[in-house]
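Enquirer: have a look; sequence and predicted model below, questions after that.
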Number of protein chains: 2
Amino acid sequence: MGKLNFINGIVIIGAGNVATHLSIALKKHNFQIRCVYSRSKSSAKELSVKLGVDFTTEFDYIPKDADLYIIAVKDDALVNVIKNLTIENAPIVHTAGSISIDIFQGLYKEYGVLYPLQTFSKSRDLDFSKIPICIEANNKKLENKLLELAHCLSKNVKLVSSEKRKKLHLSAVFACNFVNHMYVAATELLADEDVSFETLKPLIKETALKAVESDPYKAQTGPAVRNDQNIIQKHIEMLKEYPEFQKIYSFVSDSIYKLNQKKNK
Amino acid sequence: MGKLNFINGIVIIGAGNVATHLSIALKKHNFQIRCVYSRSKSSAKELSVKLGVDFTTEFDYIPKDADLYIIAVKDDALVNVIKNLTIENAPIVHTAGSISIDIFQGLYKEYGVLYPLQTFSKSRDLDFSKIPICIEANNKKLENKLLELAHCLSKNVKLVSSEKRKKLHLSAVFACNFVNHMYVAATELLADEDVSFETLKPLIKETALKAVESDPYKAQTGPAVRNDQNIIQKHIEMLKEYPEFQKIYSFVSDSIYKLNQKKNK
């Protein structure tokens, strides 16, 4: 595909989980990474070594003539980065699920969003070709450029507006962050027992695969969907030393039951 | 292994998800299934065809001389089944996570529990050898018999007391039933959008694999663990038409933050 649109290379702002995975995927597909910026020298250096490129911790040392600037920093650092960059004329994108494209408005000419919907850890390999990438841009030229780039990385590329992306991000909080907290709660509840989290692993895998391969509505089982108050009350009693989990138990059980009632109407 | 301990065969009481998977696994390992009982004729027949054995919907027609009776019915049907069976002298087990072994006390001589910790659907194939099986019995002879049987089916067999099994079951409610409800909530939130649950599938798989292959504590990401109140408040506002999910969002976020604070102390 037309990497000639990116002959002056891509600058990566950030050196965390998303920046690392995204820049490595770009390099793998022969995009030229010009340089990595991070305010943390150790992170910047670590990623620059992986990519075989320069790094900087100073905004002023970021090359001004790259073809694209990708900001992959924590949400609360984004405003600061956008204010401090001095590259008004080059296309710039962020990678945040819940932040509007309008954050660039009035500050840059060409801007957009490239949001890879996945949970990234530096230590875990991922098949980038399966990661959904949501694209948005403030003009057609950049939109096409970003689509072209994203299609090189993934088979699953969509144009998604800021409003829709925010909803997708909220859904992802439930499907990823909250799911993980359920795993953590399960682990905590077993902490005093000699049966460990290990024992739950086949169940965790099958629960995810069942939802993904069939339908999470049909996959719902357990005391709440049966409204088995006998078990539910015993469980709530068992959770008396875990007030947070007790609240979660009540509200999630309630929500499971109500949703099921609604669907079966 | 010594299937001679089971020459008179095994009677399966129940024809639901657990009964189906368990009896098929037993047959696969050359255990003789004598007959299937279910109060539902269609379910009993369906499973009996799969197993190539007789079925009955009448307690009186259940053979009295089998080597083992396995009750795999819904929790709230268990008491009724135990009362109506007339096989006082043969070993009998149930397969329920949250029900004590004592449910058999005074009614049977030899009894126990064989609890396979997994979420079962008739329509999904499972590798039974990876499913943890929790065993409990009221005497050593039956305990050994159940261990022997369970070891034929699975590489992961444990002796687990009723108290510990109840805790394991409660953990499983979080790791399976509640996790699935998070998937359902994510799907509901996308219902009005043209981005579908499909888009979340790579995220769901990776979230489960990350927790299983590393550590759910380390895997926790998202606005709650960062205590990013800006995003959290926006999300709560976005959920105003979903009061149940709004409550879940608040309490789970709260629990994530508090647990993280505690762990980092």
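Expert: Cool, got the structure. Computed from a predicted model, the values in this text were never measured in an experiment.

Enquirer: helix or strand: which one has A:G112?
Expert: Element membership for A:G112, per DSSP states H and E: strand A:111-116.

Enquirer: quick check: which helices or strands does that strand pack against?
Expert: Helices and strands touching strand A:111-116, by 3 or more CB pairs under 8 Å, 6 or more residues apart in numbering or on different chains; DSSP states H and E, are helix A:17-28, strand A:92-94, strand A:133-137, helix A:140-153, helix A:162-172. Heads up, the C-betas are built off the backbone N, CA and C, glycines and all.

Enquirer: quick check: which element contains A:G106?
Expert: Here A:G106 is assigned to no helix or strand, by DSSP H and E.

Enquirer: ramachandran angles for it?
Expert: phi 80, psi -10 (degrees, to the nearest 10).

Enquirer: how about A:L126, phi and psi?
Expert: phi -140, psi 150.

Enquirer: would you map the helices across chain A?
Expert: In chain A, the helices defined using DSSP state H lie at A:17-28, A:41-51, A:75-84, A:140-153, A:162-172, A:179-189, A:201-213, A:216-219, A:223-226, A:229-238, A:243-264.

Enquirer: send the alpha carbons of the last one over as CSV?
Expert: Backbone C-alpha positions of helix A:243-264 (Å, rounded to 0.1, in the frame of the first residue of the first chain) are rendered in CSV as follows:
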residue,chain,number,x,y,z
PRO,A,243,-18.7,-4.5,51.6
GLU,A,244,-17.7,-3.4,48.1
PHE,A,245,-18.2,-6.9,46.6
GLN,A,246,-21.4,-7.2,48.5
LYS,A,247,-22.8,-4.1,46.9
ILE,A,248,-21.6,-5.2,43.5
TYR,A,249,-23.2,-8.6,44.1
SER,A,250,-26.6,-7.0,44.9
PHE,A,251,-26.6,-4.5,42.1
VAL,A,252,-25.3,-6.8,39.4
SER,A,253,-27.7,-9.6,40.4
ASP,A,254,-30.5,-7.1,40.3
SER,A,255,-29.5,-5.9,36.9
ILE,A,256,-29.2,-9.4,35.5
TYR,A,257,-32.7,-10.3,36.7
LYS,A,258,-34.4,-7.1,35.5
LEU,A,259,-32.7,-7.3,32.1
ASN,A,260,-33.8,-10.9,31.7
GLN,A,261,-37.4,-10.0,32.7
LYS,A,262,-37.4,-7.2,30.1
LYS,A,263,-36.0,-9.4,27.3
ASN,A,264,-38.5,-12.2,28.0
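
Enquirer: now that helix: average pLDDT?
Expert: Mean pLDDT, computed over helix A:243-264, is 94.

Enquirer: the fifth one now?
Expert: In this model, helix A:162-172 has an average pLDDT of 96.

Enquirer: which residues touch it?
Expert: A:97-98, A:100-102, A:113, A:115, A:117, A:134, A:136, A:160, B:185-187, B:189-190, B:193-195, B:199-200, B:203, B:234-235, B:238-239 (CB atoms under 8 Å, 6 or more residues apart in numbering or on different chains).

Enquirer: from the residues you listed, list just the buried residues.
Expert: Neighbour-count burial (16 or more other CB atoms under 10 Å in any protein chain shown) is assigned, among the contacts of helix A:162-172, to A:97-98, A:100-101, A:113, A:115, A:117, A:134, A:136, A:160, B:185-187, B:189-190, B:193, B:195, B:199-200, B:203, B:234-235, B:238-239.

Enquirer: residues in contact with the residue of the stretch 51-200 of chain A found nearest chain B?
Expert: Of all residues in the stretch 51-200 of chain A, A:N177 sits closest to chain B, at 3.2 Å by CB to the nearest CB. Residues in contact with A:N177 (CB under 8 Å, 6+ apart) are B:220-225, B:256.

Enquirer: and among the helices of chain A, the most buried is which?
Expert: helix A:179-189 (a mean of 26; mean count of other CB atoms under 10 Å in any protein chain shown).

Enquirer: that one vs chain B: in contact?
Expert: Yes. Helix A:179-189 lies within reach of chain B by CB under 8 Å from any CB of the partner chain, at A:179-189.
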